[in-house]
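J.: Show me the folded form of this:
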Amino acid sequence: MARDTFYTSVDIGTDKVTSIMARVGTEGELKVLGTGVVTSQGMQKGRIENIDEVQETVRASMEEAQRYIGNGVPSGVYTSVTGVHLSSLNTKDVVDNPDDVGDISAKLLDRLLRGSFPDVGPNQEVLHVIPIGYHVDGMSGIRNPVGLHGNLVEVEAHVVLGESVALKNTAKVIESNKATVKQMVLHSLASAEATLSGDEKEMGVVLADIGGGTTDIVIYRQGQPWYSAVIPVGGSQLTRDLSVALKTPMYMTEEMKIKWGSVMPEMIAADEEVVIPSFQGQPKHSLSRRILCEPLHDRMLELIKLIVLKVRQSGLREFPTGGLVLTGGGAEMTGLTDLVQKTLGGTVRIAYPEGISGLPAQLRKPAFSAGVGLLLWGIKHQGETRSSMNGGRS
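T.: Alright, predicted model coming up:
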C-alpha cells in the first residue's frame, strides 16, 4: 500500500512557532490533519538568538502537529524566513537563442534564469529567483515564452538574498528534529499565497504581514512579486511600549492589549475606563481607556509610515491600484483599518488565510497566513528544492 504524502509547514516566528501537517486528498486538495502552536523562545525580530531554545520549541510544535497523523512521515518541511538580514533586488539577463533551434525551450529559460543570479559574497545565499516577465526580440510583457519563436530572450527576475549563517541556522533547527528542509520561503511570499487574489496581484498590491517582531512586505505588479523588504517592528513593540507606559509586566500588558487595545483612541468614549489589575503589591486602579490606547496608536502610526517609506524606496510614488492588504497577528488590532484609511486613504483590507477547504477554525486568523501559505507554496512549487533555488549551491 502506497504511503500517504504529507506536506509540512513550520512558521518560526518571534512570538510563536506554528507547525501544520496536511495530506493531499483523492482529488488533489489539501486536507489539514494536525496543527501545533507553541510560544517561541530564543527568537528576536525573526532571527535565531538561542538555537537550543528554538530547536526545543520547533520540536514541541512539530510533535503536537504529528500526533494526529500516526505513522505518517513528513516528506519535507517548508519553513518561513524573515529578518533584516534579507534583501532583494531585480535583475535582468539576456541570452541568444541558437538559430538552428528557433523555438524557445524550457531548458533555455532555465539557463537564462540561472544567468540572472547576482554575484553574492561568501556570507550571502540566494533564497529566491522569481521571473517577473520576459522580453522576446524587443516584445515585452510575456509571461511564458516557451514555444515562441525568437532570437533574443531577456528575463527580469526578483531575487531575494539572505545571510548564509541565518539561513543555515534555520535549516539546522528543522534538521535537528529529524526532518529535512524542502524549501525555505520568504515569509511575505508565503503569506501572499494564502491571502492575495489573482486580481490583486495583477492590479498591483502591497501586502504587509505584521508579525510579533517584524513586518514583512511584498509588492506585486502584473501578477509577480516585484519588491520585498522586512521592517524590524511588529506587534511585540506595541506591547513593549504599553508596558513601559503602564509600568506593568509584559504578560499582563499583552492581555490588556488584546482585551482593551485599539489604535484609534478617538473612537473610544471619553468617559470609558478600565481597571488595571494589581501586581507585585501595587493596588489595582482605574485608567481612561483612551489613555491606555495612546501608545498603541503612536507606534502603529509609525509602522504605517515605515510601510509607506518602503513603498517609496521600491520606486513607486503611490500605492498600486490593489491598495494595501494587512495580515499577520498585528493586523487584528482594533481600529487598524480606520487608522490606515485616515492616514493613507485608498483601498485597505485585513486578510485571512484562504485556499484550503475545510481549514480548521483555529487557523482562520491573520496570524496563521504564513503557515497556511507555506503549504500552498509547497503544492505550487513541489518540484523545487532548496538547492535548485540556490543555483546548485547548498
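J.: give me the low-pLDDT residue ranges for the chain?
T.: In the predicted model, the chain carries pLDDT under 70 at residues 1-4, 70-75, 97-102, 383-394.
J.: what helix or strand does the residue nearest to Met250 when sequence neighbours are not counted sit in?
T.: Of all residues not flanking Met250 in the chain, Ser243 sits nearest, at 5.3 Å (CB to CB, 6 or more residues apart in numbering). (Glycine included, C-beta is placed from N, CA and C.) Counting by DSSP states H and E, the secondary-structure element that holds Ser243 is helix 235-246.
J.: Following the chain onward from the strand or helix carrying Arg349, which element is next?
T.: Here Arg349 sits within strand 348-350, counting by DSSP H and E. Moving toward the C-terminus from strand 348-350, the next helix or strand (DSSP H and E) is helix 369-380.
J.: who does that following helix touch, helix- and strand-wise?
T.: Counting by 3 or more CB pairs under 8 Å, 6 or more residues apart in numbering; DSSP states H and E, the packing neighbours recorded for helix 369-380 are strand 6-12, strand 16-24, strand 30-39, strand 74-81, strand 181-186, helix 187-195.
J.: The same query, at a cut-off of 7 Å, please.
T.: Helices and strands touching helix 369-380, by 3 or more CB pairs under 7 Å, 6 or more residues apart in numbering; DSSP states H and E, are strand 6-12, strand 16-24, strand 74-81, strand 181-186, helix 187-195.
J.: ok and that helix relative to strand 30-39, angle-wise?
T.: In terms of direction (axes from the mean of the first three to the mean of the last three CA atoms, to 10 degrees), helix 369-380 departs from strand 30-39 by 140 degrees.
J.: from the chain's centre, how far out does helix 369-380 sit?
T.: 10 Å (CA atoms, centre = their mean, to the nearest Å).
J.: what sits up against it?
T.: 7, 9, 11, 18, 20, 22, 30, 78, 80, 182, 185, 187, 190-195, 209, 327-328, 351, 353, 355-356, 359, 363 (CB atoms under 7 Å, 6 or more residues apart in numbering).
J.: quick one: the helices in this structure?
T.: 51-66, 106-115, 164-175, 187-195, 198-203, 235-246, 250-260, 289-313, 336-344, 369-380 (DSSP state H).
J.: now those as TSV including mean neighbour count and distance to Trp226?
T.: Formatted as TSV, the helices of the chain follow (neighbours: other CB atoms under 10 Å; distance: least, CB to CB, whole Å):
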stretch	mean neighbour count	distance to Trp226
helix 51-66	19	32
helix 106-115	15	16
helix 164-175	18	23
helix 187-195	29	12
helix 198-203	16	10
helix 235-246	20	26
helix 250-260	16	34
helix 289-313	18	11
helix 336-344	18	20
helix 369-380	26	18
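J.: and those as JSON lines, adding distance to Thr321?
T.: Putting the helices of the chain into JSON lines (distance: least, CB to CB, whole Å) gives the following:
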{"stretch": "helix 51-66", "distance to Thr321": "38"}
{"stretch": "helix 106-115", "distance to Thr321": "28"}
{"stretch": "helix 164-175", "distance to Thr321": "34"}
{"stretch": "helix 187-195", "distance to Thr321": "17"}
{"stretch": "helix 198-203", "distance to Thr321": "4"}
{"stretch": "helix 235-246", "distance to Thr321": "28"}
{"stretch": "helix 250-260", "distance to Thr321": "34"}
{"stretch": "helix 289-313", "distance to Thr321": "13"}
{"stretch": "helix 336-344", "distance to Thr321": "14"}
{"stretch": "helix 369-380", "distance to Thr321": "22"}
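J.: To Gly213, which of these lies closest?
T.: Set against Gly213 and scored by CB to CB, the helices of the chain come closest in helix 235-246, at 5.7 Å.
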